[in-house]
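> 3D model of this:
(one chain, ligands or ions: 1)
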Amino acid sequence: MNLTVQEFIEEYKTQFQTMFAYSYEEGTTEQHYTALGIFIKNYLSRHWKETRESYIKEGAKQVYYFSMEFLPGRQLRNNAYNLGILDIIKEGLTELDLSFDSIAEAEADPALGNGGLGRLASCFMDSLASLSIPGNGNGIRYQYGLFRQKFVDGYQVEVPENWLRNRNVWETRNNKSTCLVRFGGNVWLEPNDKGYYEAKYENTLNVLAVPYDTPMVGYRNNKVNNLRLWSAEIPVEEEANYHTLDEIQPISEITQVLYPDDSNYEGQLLRLKQEYFMVSAGVQSIIRHFRKYNVPRKNIPDKIAIHINDTHPALAIPELMRILMDEEHLTWDQAWEITQKTCSYTNHTILREALEKWPIDMMKELLPRIYMIIEEINRRFVDYHLPLYGERITWQTAILQNGVVNMAHLAVIGSHSVNGVAKLHTDILMSDVLKDFFEIYPERFNNKTNGITQRRWVHLANPELTALIDEKIGEEWKRNPAELKVFKGFEQDEETLKQVAEIKLNNKKRLADYIEEVKGIQVNPRALFDVQIKRLHAYKRQHLNALHILHRYLEIKRNPDKEVVPRVFIFGAKAAPSYVYAKQIIKVINSIADLVNNDPDIGDKLKVVFFENYGVSLAEKIIPAADIGEQISLASMEASGTSNMKLMANGALTMATLDGANIEIKDFVGEDNIFIFGLTDKEVYELKANQSYQSKELYETNEQLRRVLDALKDGTIPGLNGEGSAIFDSLVHYNDEYFVLKDFESYVDAQNRADALYAKPMEWTRKSLLNIASSAPFSADYTIKRYADDIWKVKQYFTGDEGVQPLDE
Ligand code: CRA
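This is a model prediction of the structure:
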């Protein structure tokens, strides 16, 4: 199916006219987006169908990635690119006097996730399809995604994100595959005449789960996998029982909004409802699909892998048990063996407040049958392990303790594999957070360092760089990322370095224009662009960055004639609506921005830009223009991070603590090509253990630090209403939980080293090139290959020599 430009033009005109009954010349950008999206979806539909059919025909083992969050980003460009028709479409549209770029901007960016975890799920979807692995996503079709962020007077204001307002061209509502999910009521087991117990229900709330399927397009391999997002509706046969909006509410609310907390456990009945709704619908539809394979039930683990993305979908374990026992009539032992072999679990955080625990009473009432099963899993676990490990370990690992259901424990006990998302993180799981489990099940633990898809984050976000790499080393790296290392050979080649520098400058000019357009701030594209983009969290320490900016500001004011390397500090970050401290940090940074950007003494030396509404689409604009990526979390706190990988792949140098995947980045790029500072995880653990840290002492003894901290509350920063003092108090009087003051000096020192290097452009660019050339290990293709080989035992299905080749690192 080789589309030509002329064919595209003809088909597109017809497509447009069929949809809108207007000629394409009269269309709005939005209409063109819709028509083009439908055109592409039609184009890929045959592959979508054939991929599904071929998996069944081959009896392929399939993986189901269960995640409460997906952040796919805009899909028009990526789908056209992976299908290999992007250039043709662009050319065709140009001939029609239309601009692909403006049309692509009309797409809503579905924010069905909070941050790294959701974006990781979507990078994984891209890699699964591109590696020809039978992999499906399973999640929720939230009507409202993560809130849209606005700044009013420097304060974050949340506005609902109605991403479905205009039609979503990618989804297909699939009425054939609906399921019924039950909540509440009474359940009991009754022996029947066939010799097994039957689960009987009364007074349940019945919810219809309707799947919306979205194609996940592989890179030039004719493979299209499926992302299934569930929406809650009233069962058709019960419609007559519902009369008012109030009555409908318990059903419609289930898939209405995404919980806006990142790395923070949200203990609400509704959230538990959402989790079970997604899990039950997903498991039911998998088991139904599996029947098509016509193999004995005990072979389910040879055909199905269910992956639990953090504990949010951990109810998949008791739900699978329920279906295998109550509907497939297997014994407990048979069902348990299948369940454990089928399920695997990834932990994404060690933050205590993020570890999900549901009150037993709530679980019992909302999910009575599921609670019975969890109770039995717990009873058997405790009975078995008590004689082997004694009270201490057994009680520390029980699922039910102190009136709550510990979801991480359920996930570990019910899975055959438990992984962390970077080496350090996995080590911490084994030695600390889950150490008792590591003693019981050492064989289950393994590390899978996160990755990113270079297709979205390099090929498409940074086309000039991509073209340059193609020119220097050929195109093989796109199918086989390991080839990127060949680019290292150009580190001494002046011409290449000049080209790399020029591309960066062009990207920065584009971003500078965008900054002027949306923020009204003029920045110098030759300044050092210093970028911190991620959720706002105390452990990520955006306030450390802010203190450094203040420090620079005060230095410039004190020594106005001193030459400085001009910098533009760029932020993008949403704070959870209920996270007061994070919101105070946003306000402080915005106020510092007002101060700095409007001070005539400062000029180009220092600018601060805080973008509103950070998300995938904004990241695509910012990342290619970054000189420095800020990865400054307190060591041990950031499980992995993934913006660190995206930024390095685009030639940013990393300003990093030895945390999460930063450590692996350092190992691959070499310590000369990264700025490392701050406490190590061991030092942090020690300081916490011996309680010797006194932040106030630092404030009192370090003059430079004191000046900066005082500026938070002495009126230096205009427009604050106590937010500066709140930050000050947390750092000085409440002993600085995240060791911001402790790391301050070493941070400033690392920043000074960055300045010195930036003053030698060739040297800087050489390191930038080495970062680009060392980024291949962080391709999600490798990460996914390891999940496929080690955890899921699923194969790549090739049809020819197209697509991403069997990966050989
Ligand atoms: N907030 C971690 O904090 C990690 C991503 C993806 C996070 C990040 O360091 O890169 O997951 N954890 O693995 C999380 O969401 C519930 O825990 C994140 O995105």
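
> contacts and neighbour counts: CA atoms only from here.
Will do.

> where in the stretch 251-400 of the chain is pLDDT low?
For the stretch 251-400 of the chain, not a single residue meets the criterion pLDDT under 70.

> Any residues of it in contact with the ligand? List them.
262-263, 348-349 (Cα under 6 Å from any ligand atom).

> try it again with 8 Å
Residues of the stretch 251-400 of the chain lying close to the ligand by Cα under 8 Å from any ligand atom are 262-265, 310-311, 347-350, 354-355.

> Can I get the residues you listed in a markdown table including secondary structure and neighbour count?
Converted to a markdown table, these look like this (DSSP: H, G, I helix; E, B strand; the rest coil; neighbours: other Cα atoms under 10 Å):
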| residue | secondary structure | neighbour count |
| --- | --- | --- |
| D262 | coil | 20 |
| S263 | coil | 21 |
| N264 | coil | 17 |
| Y265 | coil | 18 |
| D310 | coil | 23 |
| T311 | coil | 26 |
| N347 | coil | 21 |
| H348 | coil | 24 |
| T349 | coil | 24 |
| I350 | coil | 21 |
| A354 | helix | 16 |
| L355 | coil | 21 |
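
> Could you say which helix or strand holds the residue lying farthest from the centre of the chain?
The outermost residue of the chain relative to its centre, with distances by Cα atoms, centre = their mean, is D193 at 49.9 Å. D193 belongs to no helix or strand when assigned by DSSP states H and E.

> domain assignment for this structure?
Annotated domains of the chain cover 59-74+109-450+788-792, 487-680+742-777 [automatic domain parsing].

> I'd like these laid out as TSV, including distance to R707.
Below are the domains of the chain laid out as TSV (distance: least, Cα to Cα, whole Å):
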stretch	distance to R707
domain 59-74+109-450+788-792	23
domain 487-680+742-777	8
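
> closest one to N2 among those?
For these, distance to N2 was read as Cα to Cα. The smallest value, 12.0 Å, belongs to domain 59-74+109-450+788-792.

> End to end on the closest one, go ahead and measure it.
Length of domain 59-74+109-450+788-792, first residue to last, Cα to Cα, to the nearest Å: 15 Å.

> do the same with stretch 432-447
15 Å.

> So what touches it?
Under the criterion Cα atoms under 8 Å, 6 or more residues apart in numbering, residues 350, 393, 396-397, 412, 416-423, 426, 429-431 lie in contact with stretch 432-447.

> Over to stretch 144-154?
Here stretch 144-154 has contacts from 110-114, 156-164, 256-260, 574, 586-588, 590-591, 612-614, using Cα under 8 Å, 6+ apart.

> among the residues you listed, which are in helices?
Of the positions in those, 586-588, 590-591 sit in helices, assigned by DSSP state H.

> Looking at those, spot the one nearest V500.
When these are compared against V500 (criterion: Cα to Cα), the nearest one is N590, at 32.3 Å.

> List only those of the contacts of stretch 144-154 flagged as buried.
With burial judged by 16 or more other Cα atoms under 10 Å, the buried subset of the contacts of stretch 144-154 is 110-114, 156-158, 161-164, 256-260, 574, 586-588, 590-591, 612-614.

> that older thread, among the contacts of stretch 432-447, which ones are buried?
350, 393, 397, 412, 416-423, 426, 429-430.

> out of the residues you listed, which are inside strands?
Among the buried ones among the contacts of stretch 432-447, the members falling in strands (DSSP state E) are 417-420.

> What are the boundaries of the strands in the stretch 501-650 of the chain?
528-533, 567-572, 606-611, 628-631 (DSSP state E, counting those that start in this stretch).

> among those, which is nearest the ligand?
strand 628-631 (10.3 Å; Cα to the nearest ligand atom).

> so what strands line up beside the closest one?
If you go by DSSP bridges, strand 628-631 pairs up with strand 528-533 (parallel), strand 653-656 (parallel).

> Could you identify which of those is most buried?
With neighbours defined as mean count of other Cα atoms under 10 Å, the strands paired with strand 628-631 peak in mean count at strand 653-656, which reaches a mean of 27.

> So what touches the helix or strand just after that strand?
Later in the chain than strand 653-656, the nearest helix or strand by DSSP H and E is helix 662-669. The contact list for helix 662-669, computed with Cα under 8 Å, 6+ apart, reads 423-424, 631, 640-641, 644-645, 656, 673-674, 770-771, 774-775.

> what's the farthest-apart pair in those?
Maximum pairwise distance among the contacts of helix 662-669 (Cα to Cα): 23.5 Å, between L424 and L770.

> Between the ones in helices among the contacts of stretch 144-154, which sits nearest the ligand?
Closest to the ligand, out of all of those and judged by Cα to the nearest ligand atom, is I586, at 18.0 Å.

> Which residue, neighbours along the chain excluded, lies closest to whichever residue of the stretch 351-500 of the chain sits closest to the ligand?
In the stretch 351-500 of the chain, the residue that lies nearest the ligand is V421 (5.5 Å; Cα to the nearest ligand atom). Computed as Cα to Cα, 6 or more residues apart in numbering, the closest residue to V421 that is not its neighbour in sequence is T449, at 4.5 Å.

> need the residues of this structure near the ligand, please.
Contacts of the chain with the ligand, taken as Cα under 8 Å from any ligand atom, map to 114-120, 262-265, 310-311, 347-350, 354-355, 421, 450, 535, 637-642, 660.

> Dump the strands of the stretch 501-650 of the chain to TSV, plus mean pLDDT.
What follows is the strands of the stretch 501-650 of the chain, written out as TSV (pLDDT from 0 to 100):
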stretch	mean pLDDT
strand 528-533	99
strand 567-572	99
strand 606-611	98
strand 628-631	99
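
> Identify, out of the ones you listed, the most deeply packed stretch.
strand 628-631 (a mean of 28).

> Let's see that one as CSV, backbone CA atoms only.
Presented in CSV, the C-alpha positions along strand 628-631 are these (Å, rounded to 0.1, in the frame of the first residue of the first chain):
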residue,chain,number,x,y,z
ILE,A,628,20.6,21.9,30.7
GLY,A,629,18.1,19.5,32.1
GLU,A,630,17.5,19.9,35.8
GLN,A,631,17.2,16.5,37.6
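
> ok, and what's touching that strand?
When contacts are defined by Cα under 8 Å, 6+ apart, strand 628-631 is touched by residues 528-533, 540, 644, 647-648, 652-657, 662.

> name the helices or strands packed onto the helix or strand harbouring L731?
Here L731, judged by DSSP H and E, is contained in helix 723-732. If contacts are counted by 3 or more Cα pairs under 8 Å, 6 or more residues apart in numbering; DSSP states H and E, helix 723-732 sits against helix 580-597, helix 695-701.

> packing partners for the following helix or strand past the last one?
Right, the one you point to is helix 695-701. Remark: after helix 695-701, the chain's next helix or strand is helix 703-711, criterion DSSP H and E. Counting contacts by 3+ Cα pairs under 8 Å, 6+ apart, helix 703-711 is packed against helix 542-558, helix 695-701.

> Now find how far off-centre helix 703-711 is within its chain.
Distance of helix 703-711 from its chain centroid, counting by Cα atoms, centre = their mean, to the nearest Å, is 36 Å.

> And for stretch 203-214?
25 Å.

> Look up how far G73 lies from A108.
To G73, A108 is 8 Å away according to Cα to Cα.

> Those two: which is more packed in?
Ranked by neighbour count (other Cα atoms under 10 Å), A108 and G73 place G73 first, with 23 against 19.

> Now render the ones in strands among the buried ones among the contacts of stretch 432-447 as CSV, adding pLDDT and distance to I323.
Shown next, in CSV, are these (pLDDT from 0 to 100; distance: Cα to Cα, whole Å):
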residue, pLDDT, distance to I323
S417, 99, 22
V418, 98, 23
N419, 98, 26
G420, 98, 29
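
> Farthest-apart pair in those, please.
S417 and G420 (10.3 Å).
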